Each structure stands twice: as C-alpha cells, then as structure tokens.
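Trainee: one predicted model, sequence on top.
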Amino acid sequence: DVKVTQSSRYLVKRTGEKVFLECVQDMDHENMFWYRQDPGLGLRLIYFSYDVKMKEKGDIPEGYSVSREKKERFSLILESASTNQTSMYLCASMGFNEKLFFGSGTQLSVL
Amino acid sequence: GNSVTQMEGPVTLSEEAFLTINCTYTATGYPSLFWYVQYPGEGLQLLLKATKADDKGSNKGFEATYRKETTSFHLEKGSVQVSDSAVYFCALSGRSNSGYALNFGKGTSLLVTP
C-alpha cells in the first residue's frame, strides 16, 4: 500500500515563527498536494506540485510556500505563522488513476 | 473554475435506513468525480469514483452515478450501518496546464445510530 507520511501529528508554534511541514511518499508519484481542513470549510487546496522543483498555486496560497527538491518529499512552509493558520494540514500524493493517498494530517496550532 | 457543492450536515440516520448525500458540480471539460470518506481520527480515503458520464462507482454498498445532464454525483446506500458514521467528501478532478488537482466539497457528516 502507498504510504504518505507527515512528520508531525501535532505542532504548536508561536505567531511569527517560520514553520516547516514535511511530507514523504513512497510510491514515486509525480503529483503531490497540500490541503488544509477546517470545520465548515472542508478541504481547501493550498499548493500542488507535478514534478520536482515544479509547483502551482491552489485556491488559498497566501502566506504559504512550498518546496519540492526530491520527488518523494513535498514541504509546506509558513513564512511567518499567524493565528489564522491554525488548522489541520493534509498532504496527499496522486497515483496514475487520479486516486489520492492522504497522510494522517498535522494539527497545527499557532498561538 | 471547478467547484463542488454538497448538502450540509450533519445527517443522522438509524441503522438500516437509506442514505442519500447530494453532490453537484461545476466544471469545464469532463472531470472525474470522487467520493472520499474520513472515519473518526483517520485520514481521507477513496470510497468510489466515476470517470465519465453515466458511469456508476460503487464500493462497500455505496453507489454514485455520474449524471452530466444534472451535473450531479449523489452518494447512496441502501442500508447504513453504525460503522458508516464518518465525514463524506465529494470531489472532482480538474486539469490545469500543469497537471491534475482535486477540488473538494465541504464535507457531510453522517451519524448512524443503533
């Protein structure tokens, strides 16, 4: 089975800190995604990447950046964390048949 | 742009009741349509999909038919179980110049009581 691993299950950071969320997949998938999940808003796409060093903005990229230096790793960066970025962050990779495989999520709290 | 609208929850049903969760979409081109499920404390997982008009996706007793004429992909199950309690997300794929991305609805929470 495909495994998508997110480095932290829970994270607490302070306002203004730079935050790195890491995601690794083990199936050599080209497409990887970062979503945030908020009550009443569902999943919203932040960024996605279709190849190493390639990235594309999703619906809510403001305040975020990403890095894809290796095919298996897709990192989400909060340059200066703010309280409105408190959320559940979900990483996913896509197989050839459009099936998304999700990680367990990182619950980020920004104080 | 592409978007998905789901009926709002929560939906509460008794065991063995019939389930329908409505989903309609707006899209350019011919997207694939999906239902994902998130059980309590777990990540999302694919429940079923359909790739073209009139296709029916099915899995674990759930079904959904891709209706192009009504731009809908409603999820149905004839007899729900307590173990079906979860959040259900409708989604569609969209192709940009660069690749695929999935757009999700807001999710519908289902609670099945014994």
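Mentor: Perfect, I can see it now.

Trainee: next secondary structure element downstream of the lengthiest strand in chain B?
Mentor: In chain B, taking DSSP state E as the definition, the longest strand is strand B:86-95. The helix or strand immediately downstream of strand B:86-95 is strand B:100-104, counting by DSSP states H and E.

Trainee: that next one near chain A at all?
Mentor: Yes - on the criterion CB under 8 Å from any CB of the partner chain, strand B:100-104 is in touch with chain A at B:100, B:101, B:102, B:103, B:104. No exception for glycine: its C-beta is placed from N, CA and C like everyone else's.

Trainee: which of these ranks first by neighbour count?
Mentor: residue B:102 (26 neighbours; other CB atoms under 10 Å in any protein chain shown).

Trainee: which one is that one nearest to, not counting chain neighbours?
Mentor: residue B:91 (4.8 Å; CB to CB, 6 or more residues apart in numbering or on different chains).

Trainee: and the one you found, how many residues sit next to it?
Mentor: Neighbours of residue B:91 using other CB under 10 Å come to 27.

Trainee: likewise residue B:78?
Mentor: Neighbour tally, residue B:78, other CB under 10 Å: 11.

Trainee: and residue B:83, that one's in a helix?
Mentor: Yes - assessed by DSSP: H, G, I helix; E, B strand; the rest coil, residue B:83 belongs to a helix.

Trainee: which positions in chain A make contact with chain B?
Mentor: Near chain B, when you scan chain A using CB under 8 Å from any CB, you find A:30-31, A:33, A:35, A:40-45, A:48, A:50, A:54, A:56, A:58-59, A:90, A:92, A:94, A:98-100, A:102-105.

Trainee: residue contacts, residue 12?
Mentor: No chain was given, so I picked chain A. A:108, A:109, A:111 (CB atoms under 8 Å, 6 or more residues apart in numbering or on different chains).

Trainee: try chain B instead
Mentor: Contacts of residue B:12 (CB under 8 Å, 6+ apart): B:110, B:111, B:112, B:113.

Trainee: so what's the first one bridging to?
Mentor: Yep, that's residue B:110 we're talking about. residue B:11, residue B:86 (DSSP bridges).

Trainee: gap between it and chain A?
Mentor: For residue B:110, the distance to chain A (CB to the nearest CB, to the nearest Å) stands at 15 Å.
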